[in-house]
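S.K.: quick one: sequence plus predicted model below, questions after.
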Amino acid sequence: MKKIVLPLLILATVAGSGLAQQEHQFTQFMYNKLFVNPAYAGARGIPFVTAIYRNQWMGFDGAPKSVLASFNSPFLTPRVGVGVTITHFQIGLDKDFAGSLAYSYDLIPDEEISLRAGIMGSIRSLSIDFSNAKTADPAGPGGDNSLDPGKVSSVFANVGAGLYFTYDDRFYAGFSAPRIYSNSIGINDNPLPSGFQTAREYQHIYAMAGAILKLNEDLYLMPSIMTKYVKNAPFDVDVNINLEIREKIIAGLSYRAGGDGPGDSMDLLFFWQAHTQFGVGVAYDFSLSELKDYTAGSIELLFQADLKRAGGKNKKMSNPRFFM
């Protein structure tokens, strides 16, 4: 019975977002802005890299797993930024591999204020490998003959755009749509009956904001928020509050709305500035939905590093706050 209940719960949890192709999410979004907003490229004024691994709904066979690596930097001039992001997501038999290139330009190159506009192009490969399918009730020695033993895959291109605003390295706000074109991503070879439609990529609209508030010489409060909207899916929001201690330790708590309970999850976050040029982080999600009785939660690991010490205008960032 449990083998039947668990897949049904997963399906019910993701159905609302899956209907509109909800994009993959990361709990440590405040350190991973380039993934959803191309205007962030070059915003910190120095080249740096980010790597994230996410294991969602631990305990489920075929549960979602995500890997992300990104690089962004100023290019030739501080007003221009470039970025590269590579991602790999897997859930069950489905695999999603994508790469994107981002370009940004600072429209207000002021000492305290910056407003960057960005564009991005992406390539995405979606595939389903039926040869790895496990049938619950095999139909004879050959298994379930209704399953295609091969692999189905398609490649899609898309474009995105965004804005990213900062004030005095203490406040940021962003607005973006990483995939604007609604690609048809279904694998139907024949026309569908009336009233049915194949799967499509829908535009995802992201808005983000955050601040660094000085409490004293050793403590900084760092609230942040990210909202996500897509047609035909529930409005989603992540609210976070972090506390930075002596520019070495960042610890915090997040709440993610959605799901079928009082929210989707409560999340614990921890970041250690191991060196002036790199740090590591971890996040743990406690599910608040009906999945909470069947999963050990979700875990996310983060690594970020400056490839060059900051100087000049951004000298105060030489002990980096990756948050901005």
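M.R.: Looks like it came in fine. Numbering: from 1, shown residues only.
S.K.: what is the rounded mean pLDDT of stretch 24-32?
M.R.: Mean pLDDT, stretch 24-32: 93.
S.K.: name the residues of that stretch that are buried.
M.R.: Buried residues in stretch 24-32, counted by 16 or more other CB atoms under 10 Å: 25, 26, 27, 28, 29, 30, 31, 32. For the C-beta atoms, the positions are set from N, CA and C on the backbone; glycine is no exception.
S.K.: possible to save those as JSON lines with distance to residue 172 and secondary structure?
M.R.: Output for the buried residues of stretch 24-32, formatted as JSON lines (distance: CB to CB, whole Å; DSSP: H, G, I helix; E, B strand; the rest coil):
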{"residue": "25", "distance to residue 172": "19", "secondary structure": "coil"}
{"residue": "26", "distance to residue 172": "17", "secondary structure": "coil"}
{"residue": "27", "distance to residue 172": "18", "secondary structure": "coil"}
{"residue": "28", "distance to residue 172": "15", "secondary structure": "coil"}
{"residue": "29", "distance to residue 172": "12", "secondary structure": "helix"}
{"residue": "30", "distance to residue 172": "9", "secondary structure": "helix"}
{"residue": "31", "distance to residue 172": "12", "secondary structure": "helix"}
{"residue": "32", "distance to residue 172": "13", "secondary structure": "coil"}
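S.K.: now the helices for this structure?
M.R.: 2-18 (DSSP state H).
S.K.: was I right to think residue 97 contacts residue 125?
M.R.: Yes - between residue 97 and residue 125 there is a contact under CB atoms under 8 Å: 4.6 Å.
S.K.: which one's more surrounded, these two?
M.R.: residue 97 (17 against 14; other CB atoms under 10 Å).
S.K.: where's residue 108 relative to residue 212, distance?
M.R.: Using CB to CB, to the nearest Å, residue 108 is found at 20 Å from residue 212.
S.K.: who has more neighbours out of the two?
M.R.: residue 212 (19 against 12).
S.K.: got any ranges where the chain has weak pLDDT?
M.R.: For the chain, the stretches flagged by pLDDT under 70 are 1-22, 132-150, 186-198, 259-261, 310-322.
S.K.: 50 - rerun?
M.R.: Residues of the chain that meet the criterion pLDDT under 50 lie in 1-21, 140-141, 312-320.
S.K.: report the separation between residue 56 and residue 298.
M.R.: 4 Å.
S.K.: now do the shared contacts for those two.
M.R.: Taking CB atoms under 8 Å, 6 or more residues apart in numbering as the contact rule, the neighbours common to residue 56 and residue 298 are residue 285.
S.K.: help me confirm that residue 175 comes into contact with residue 206.
M.R.: Yes - Residue 175 is in contact with residue 206 according to CB under 8 Å; the separation is 7.2 Å.
S.K.: the two: which has the busier surroundings?
M.R.: Higher neighbour count among residue 175 and residue 206: residue 206, with 23 against 17, using other CB under 10 Å.
S.K.: is it true that the more buried one touches residue 177?
M.R.: Yes - assessed by CB under 8 Å, residue 206 is found in contact with residue 177 at 7.3 Å.
S.K.: what do those two both touch?
M.R.: Contacts common to residue 206 and residue 177, judged by CB under 8 Å, 6+ apart, are residue 162.
S.K.: wait, residue 279 touches residue 248, no?
M.R.: No - using CB under 8 Å, residue 279 is not in contact with residue 248, being 9.0 Å away.
S.K.: which of those two has more neighbours?
M.R.: Neighbour totals were compared for residue 279 and residue 248, and residue 279 leads with 22 against 13 (other CB under 10 Å).
S.K.: quick one: that one from residue 249, how far?
M.R.: Residue 279 is 10 Å from residue 249, by CB to CB.
S.K.: what touches both of those two?
M.R.: With CB under 8 Å, 6+ apart as the test, residue 279 and residue 249 both reach 271, 272, 273.
S.K.: those in strands, which ones?
M.R.: Cross-referencing the shared contacts of residue 279 and residue 249 against strands under DSSP state E gives 271, 272, 273.
S.K.: tell me who's in contact with the first one.
M.R.: This means residue 271. Neighbours of residue 271 in contact, by CB under 8 Å, 6+ apart: 31, 242, 249, 250, 251, 279, 280, 281, 302, 322.
S.K.: which members of those are classed as buried?
M.R.: 31, 242, 250, 279, 280, 281, 302, 322.
S.K.: nearest to residue 182 among those residues?
M.R.: Nearest to residue 182, judged by CB to CB, of the buried ones among the contacts of residue 271 is residue 31 at 29.3 Å.
S.K.: got the contact list for that closest one?
M.R.: With contact set as CB under 8 Å, 6+ apart, residue 31 has these partners: 50, 271, 281, 302, 304, 322, 323.
S.K.: which of those lies closest to residue 151?
M.R.: With CB to CB as the yardstick, the closest approach to residue 151 among the contacts of residue 31 comes from residue 50, at 30.4 Å.
S.K.: hmm, residue 84 and that closest one touching each other?
M.R.: No - counting by CB under 8 Å, residue 50 does not reach residue 84; the two are 10.8 Å apart.
S.K.: looking at those two, which is more packed in?
M.R.: Neighbour totals were compared for residue 50 and residue 84, and residue 50 leads with 22 against 17 (other CB under 10 Å).
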